[in-house]
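*Asks:* Provided below for reference: sequence and predicted model.
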Amino acid sequence: MSRITFELLERLVAFDTTSRHSNLALIEWVAAYLQRHGVASRFSYNDDRSKANLFARIGPEGRPVLLLSGHSDVVPVDGQVWQSDPFVLSEREGRYYGRGAADMKGFIACVLASVPDWVELARNGLLEQPLGIALSYDEEVGCLGVAGLIDDLKAGGIEVAGCIIGEPTSMVPVVAHKGIAHYRCRVTGRAAHSSLTPRGVNAIEYAARLIAHIRRLADAEAQFGRRHALYDVPFATLQTGMVRGGTAANIVPGECEFVFECRWLPGDRHQRYVDSLRDYAATVLGEMREVAPEADIELEALVDCPPFEADAASRVMALVDTLCGGVEGQGVAYTTEAGRFHEAGIPCVVCGPGAIEQAHRADEYIEGEQIETCCRWLQTLTRLLSGRGE
């Protein structure tokens, strides 16, 4: 890894951009770095202006930009045991450890390290295809920020030719991924002393019936659902990830809530699972209200990120195919901002340094070799976009 790339990654990791915090310090630092190279940035903020997306353009005006996109936020380190400070980049045997090193500040560091070359080419009129740098907020909590970035590009009349999202894929192109949706279900029954159980309505037990219904839907997809051989998990999945309810063993619980998720294939429709649960909940609620007319079941949508499937005929696919030497693209079960870009009509591919297996875990790291590969990859991209070929 070059000295400048290391220093950039070191600085990026030092910003604690856990999604519950502001990302403004990192975004403003990146904007200052770009400004030192003569590149202006534009921000698009969340409602309370505590977070921002960044967009910067390098190259000729009047032509569609090729976006290089990454998210600035990271997942929490709470409850994880690290061998070193997660917000201080450390190197051990060719691996660089730190929260976000793989997901996905490694890619951002590679992009920023390339800026001086791009600026020089643009200054000399040699960069035929303009490049755009896009950094978003709140990807880790539902791809929330990137919608504002896309809206800002449209409002600014900035035409986008395509987008490369640098999530950790070990530099193997990801050409499709599943959508993901999270829902919270609140079950309200009637609390009672456990010695008078028939007078209460046990919210946990009725929630359990709903959870069992979700499991039945999941089992049906695993056994009979549509398959797509491109994916490591080739069918839609559902699972319940959080449950909370009850106050004491001798109290019939009056409230329970749980959160479940769906991950579905492109071309599918996850609303059918939600509709099935609503129908079953209506039956369950009828039973509950025979004892407690005040009983209720509420379903709240928390996250809804669309699936993604690359356009095989797009310019960005052709570029990535050349850059990756014709390596066959893969489909994955995790979700990225590609779904949002794709939904907005922007062709995209997901490809970046680092392994997804290292993301979100304690002692997250990126291999130095992956950083070097990405930097060489970007150098080749630069040659292609400056009309010099390989």
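*Replies:* Looks like it came in fine. Numbering: from 1, shown residues only.
*Asks:* Every contact and neighbour count from this point should use C-alpha atoms.
*Replies:* Noted.
*Asks:* Quick one: the helices in the chain, in order.
*Replies:* Using DSSP state H, the helices found in the chain span residues 3-14, 24-36, 106-123, 146-155, 203-224, 271-291, 315-323, 338-343, 368-385.
*Asks:* So for the protein, the centremost residue is which one?
*Replies:* Thr336 (3.8 Å; C-alpha atoms, centre = their mean).
*Asks:* where does that residue land on pLDDT?
*Replies:* Thr336 is assigned 96 on the pLDDT scale.
*Asks:* Give me the neighbour count for the spatially closest residue to it that is not a sequence neighbour.
*Replies:* Nearest residue to Thr336, sequence neighbours excluded (C-alpha to C-alpha, 6 or more residues apart in numbering): Cys143, at 7.3 Å. Neighbour count of Cys143, defined by other C-alpha atoms under 10 Å: 22.
*Asks:* List the contacts of Cys143.
*Replies:* Tyr137, Cys305, Thr336, Glu337, Arg340 (C-alpha atoms under 8 Å, 6 or more residues apart in numbering).
*Asks:* repeat for His37
*Replies:* Going by C-alpha under 8 Å, 6+ apart, the list of residues near His37 reads Val115, Pro116, Val119.
*Asks:* Can you tell me which of the residues you listed is nearest Pro64?
*Replies:* Val119 (17.0 Å; C-alpha to C-alpha).
*Asks:* ok, the nearest residue to Glu298 once chain neighbours are set aside to Arg215 distance?
*Replies:* Distance criterion C-alpha to C-alpha, 6+ apart; nearest residue to Glu298, sequence neighbours excluded, is Arg186 at 5.1 Å. Distance, Arg186 to Arg215, using C-alpha to C-alpha, to the nearest Å: 18 Å.
*Asks:* What of Ala355?
*Replies:* Remark: distance between Ala355 and Arg215 (C-alpha to C-alpha) = 30 Å.
*Asks:* Between the two, point out the one with more neighbours.
*Replies:* Set Ala355 next to Arg215 and count neighbours by other C-alpha under 10 Å: Ala355 wins out with 20 against 16.
*Asks:* Centre of the chain to the worst-scoring helix or strand of the chain on mean pLDDT, how far?
*Replies:* None of the helices or strands of the chain scores lower by mean pLDDT, DSSP states H and E than strand 330-332, at a mean of 91. Taking C-alpha atoms, centre = their mean, to the nearest Å, one finds strand 330-332 lying 15 Å from the centre of the chain it belongs to.
*Asks:* One more: stretch 158-171?
*Replies:* Counting by C-alpha atoms, centre = their mean, stretch 158-171 comes out at 13 Å from the chain centroid.
*Asks:* dump the residue contacts of Leu126.
*Replies:* Ser386, Gly387.
*Asks:* tell me the phi and psi of it?
*Replies:* When read as degrees, to the nearest 10, the backbone of Leu126 gives phi -100, psi -10.
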